[in-house]
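Colleague: Need coordinates for the below:
(chains A and B)
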Amino acid sequence: MERAGRCASLLLLLALAACSREERDFRTTAAQTAPHGPADPRIPFYQGNLYQVSQGGRYFSWYGCGGCHGEKAQGVLKLSDDAWKHGGAFDQVYRSIAAHAEGPRIPPEQLWQITAYVRDMHTHTPAKLRRQDLDEKGEPTGDSWSGPVR
Amino acid sequence: MRRVLALAALLLLGGCAGWQTPLDPAGEQARHIYSFLELILWVCGFFYLLVLAFLGWGLWRARRRSAEGPEIAPADRGLDRALIVWSALIVVGLTVLTLGAFFVDRALANAQARETLTVRVTGQQWWWRIRYRDPATGRWIETANELHLPLGKTTRIELGSADVIHSLWIPNLAGKTDVIPGHPNAFDVTPRAPGWYRGQCAEFCGAQHAHMALWVKVEPPAAFARWLAGQARSAASPADPEQARGMKLVTQGPCAACHTLRGTPADGRPGPDLTHLASRRSLAAGTLPMTRGALQGWIARPQAVKPGTLMPAVSLSPTDLDAVAAYLAALQ
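Modeller: Numbering: from 1, shown residues only, chains lettered A, B, ... in the order given. Next comes the predicted model:
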């Protein structure tokens, strides 16, 4: 019994360590410029933090990226296969997104977050990709919107 | 220590005053809930006093007896009778409370028959998206963080959430209702006194839960119709060259990726509709008053005003920022 208790507390401690992966740091000055290169010191702050990555996912659907890069995307549009046309390094992905139609309108920090999300997509299960698609469909689309209340 | 406690209790009492309290009902639904609160108070108060009275009587008897000498055998028959009366009283008290709850619920549901207006309110981290139907064209008119209601008419408020669970509570007008993603909830409100009331998200929803408020204005039906007609119009045209430059920056720059200004190319959906931004009373869901200075500060450093907000900082030169603020502050 005592052994089980000790094991449980050890597991709990281990679980606590995982919290730092989601830490929300609102005080750090947000990135205001594009990454300088693949070794930019700001990259781990975004790529290594699950909160920043998930924020990228939120903007991914807000800006309608899933319209072409959704669950059914094939070939070069498919972002979840870790195969890159313009290179998969952080600064390369960032530049490809910034060159998109919506890109110039998106502020730098959100581009950082979207880049972190897109580079994380190869780890997503099919269920997670489908969820992202559903979230995007549910977004109200202005005057033409007649769907359910969300 | 005792003085500190007394002071704390006094401060708590202070919370009951002001413009966000269920103890000062200004709507039919809040009035029903308030009268039920009074009923609970009377019933529970009666039983509380009864128990205290018997406790006092028992203590008094025990003290007198120990002064008189040896213990007297308890009178079982009297105790039996008192127990029956006591149980009956509890049954009556609970029945009164149950009936009260039933009639209040029925009164709240009965308002449905008198609905004259439907408003959709969507909770988002951390603001409220509000949509009215244009009576003339049937299209949706969108605004944010400010609900206008016609006096004496019943409005149905349909609730939705775009992310996590929120809860909408306007204490002076109606009880709180949870806002649940994927599950439509609704409640009715029939305001009976004109004025401004404050509402607040009442379910913890993230870092800026406390800064997720909305203002409610109750006004006579004619004034309400005028306001709605005003909201249905497109955004005001810039009045001078600086505002024109601000308009260009807003509608062609990063602002337009998230915000809509009807009548301009800006048609972003994620953020609040800015078409009549300056006509609202507050900024960033009740965080700042609507002034030109607050507007400029909010655009320059949103994370300093509301840490964690999804509104990003956009780098603008000071003169550009001036122009943007001048344009937005003129959007009546």
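Colleague: Okay, and the beta partners of the nearest residue to residue B:176 once chain neighbours are set aside?
Modeller: Leaving aside its chain neighbours, residue B:176 sits nearest to residue B:169 (3.4 Å; criterion: C-beta to C-beta, 6 or more residues apart in numbering or on different chains). Backbone N, C-alpha and C define where each C-beta goes, glycine included. With beta bridges defined as DSSP bridges, residue B:169 has these partners: residue B:200.
Colleague: who are the neighbours in contact with residue B:169?
Modeller: Contact analysis of residue B:169 by C-beta atoms under 8 Å, 6 or more residues apart in numbering or on different chains lists B:175-177, B:199-202.
Colleague: Can you dump the C-alpha atoms of the helix or strand harbouring residue B:248 in PDB for me?
Modeller: Element membership for residue B:248 (DSSP states H and E) is helix B:241-252. Taking Å, rounded to 0.1, in the frame of the first residue of the first chain, the C-alpha atoms of helix B:241-252 are listed here in PDB:
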ATOM      1  CA  PRO B 241      -7.200  63.900 -44.400                       C
ATOM      2  CA  GLU B 242      -5.800  62.400 -41.200                       C
ATOM      3  CA  GLN B 243      -8.800  60.300 -40.700                       C
ATOM      4  CA  ALA B 244      -8.700  59.300 -44.400                       C
ATOM      5  CA  ARG B 245      -5.100  58.100 -43.800                       C
ATOM      6  CA  GLY B 246      -6.200  56.200 -40.700                       C
ATOM      7  CA  MET B 247      -9.000  54.600 -42.700                       C
ATOM      8  CA  LYS B 248      -6.500  53.400 -45.300                       C
ATOM      9  CA  LEU B 249      -4.200  51.900 -42.600                       C
ATOM     10  CA  VAL B 250      -7.100  50.200 -40.800                       C
ATOM     11  CA  THR B 251      -8.900  48.800 -43.800                       C
ATOM     12  CA  GLN B 252      -5.800  47.700 -45.800                       C
END
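Colleague: which helices and strands does the helix or strand that contains residue B:156 pack with?
Modeller: Here residue B:156 sits within strand B:154-161, counting by DSSP H and E. For strand B:154-161, the packing partners by 3 or more C-beta pairs under 8 Å, 6 or more residues apart in numbering or on different chains; DSSP states H and E come out as strand B:115-124, strand B:177-179, strand B:185-189.
Colleague: Turn those strands into TSV, columns for mean pLDDT and mean neighbour count.
Modeller: Output for the helices and strands packed on strand B:154-161, formatted as TSV (pLDDT from 0 to 100; neighbours: other C-beta atoms under 10 Å in any protein chain shown):
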stretch	mean pLDDT	mean neighbour count
strand B:115-124	88	19
strand B:177-179	93	21
strand B:185-189	91	19
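Colleague: among these, which is nearest residue B:329?
Modeller: strand B:115-124 (23.7 Å; C-beta to C-beta).
Colleague: Check which element follows that closest one along the chain.
Modeller: Strand B:115-124 is succeeded, C-terminally, by strand B:127-133 (DSSP H and E).
Colleague: Can you report how many residues lie near residue B:221?
Modeller: When neighbours are defined as other C-beta atoms under 10 Å in any protein chain shown, residue B:221 has 14 of them.
Colleague: Touching, it and residue B:155? I think so.
Modeller: No - Residue B:221 is beyond contact range of residue B:155, at 11.2 Å (criterion: C-beta atoms under 8 Å).
Colleague: where along chain A do the strands fall?
Modeller: For chain A, no strands are identified by DSSP state E.
Colleague: residues of the lengthiest helix in it that come out buried?
Modeller: In chain A, assigned by DSSP state H, the helix with the most residues is helix A:2-18. For helix A:2-18, burial by neighbour count (16 or more other C-beta atoms under 10 Å in any protein chain shown) applies to no residue.
Colleague: just the CA coordinates of that helix, formatted as PDB?
Modeller: Extracted in PDB, the C-alpha atoms of helix A:2-18 (Å, rounded to 0.1, in the frame of the first residue of the first chain):
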ATOM      1  CA  GLU A   2       2.700   2.400   1.000                       C
ATOM      2  CA  ARG A   3       4.600   1.500  -2.100                       C
ATOM      3  CA  ALA A   4       1.600   2.300  -4.300                       C
ATOM      4  CA  GLY A   5       1.300   5.600  -2.500                       C
ATOM      5  CA  ARG A   6       4.900   6.400  -3.100                       C
ATOM      6  CA  CYS A   7       4.600   5.500  -6.800                       C
ATOM      7  CA  ALA A   8       1.500   7.700  -7.200                       C
ATOM      8  CA  SER A   9       3.200  10.700  -5.700                       C
ATOM      9  CA  LEU A  10       6.200  10.200  -7.900                       C
ATOM     10  CA  LEU A  11       3.900  10.000 -10.900                       C
ATOM     11  CA  LEU A  12       2.200  13.200  -9.800                       C
ATOM     12  CA  LEU A  13       5.500  15.000  -9.500                       C
ATOM     13  CA  LEU A  14       6.400  13.800 -13.000                       C
ATOM     14  CA  ALA A  15       3.100  15.100 -14.300                       C
ATOM     15  CA  LEU A  16       3.800  18.500 -12.700                       C
ATOM     16  CA  ALA A  17       6.900  18.800 -14.800                       C
ATOM     17  CA  ALA A  18       4.800  18.700 -17.900                       C
END
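Colleague: Could you give the separation of that helix from the chain centroid?
Modeller: Helix A:2-18 sits 30 Å away from the centroid of its parent chain (C-alpha atoms, centre = their mean, to the nearest Å).
Colleague: Next: stretch A:44-52.
Modeller: 9 Å.
Colleague: List the contacts of that stretch.
Modeller: Contacts of stretch A:44-52 (C-beta under 8 Å, 6+ apart): A:21-25, A:28, A:31, A:53, A:56, A:90, A:112-113, A:115-116, A:119-120.
Colleague: All the helices of chain B, in order from the start?
Modeller: Under DSSP H, chain B gives helices at B:2-14, B:28-68, B:76-110, B:221-232, B:241-252, B:255-258, B:292-300, B:302-305, B:318-329.
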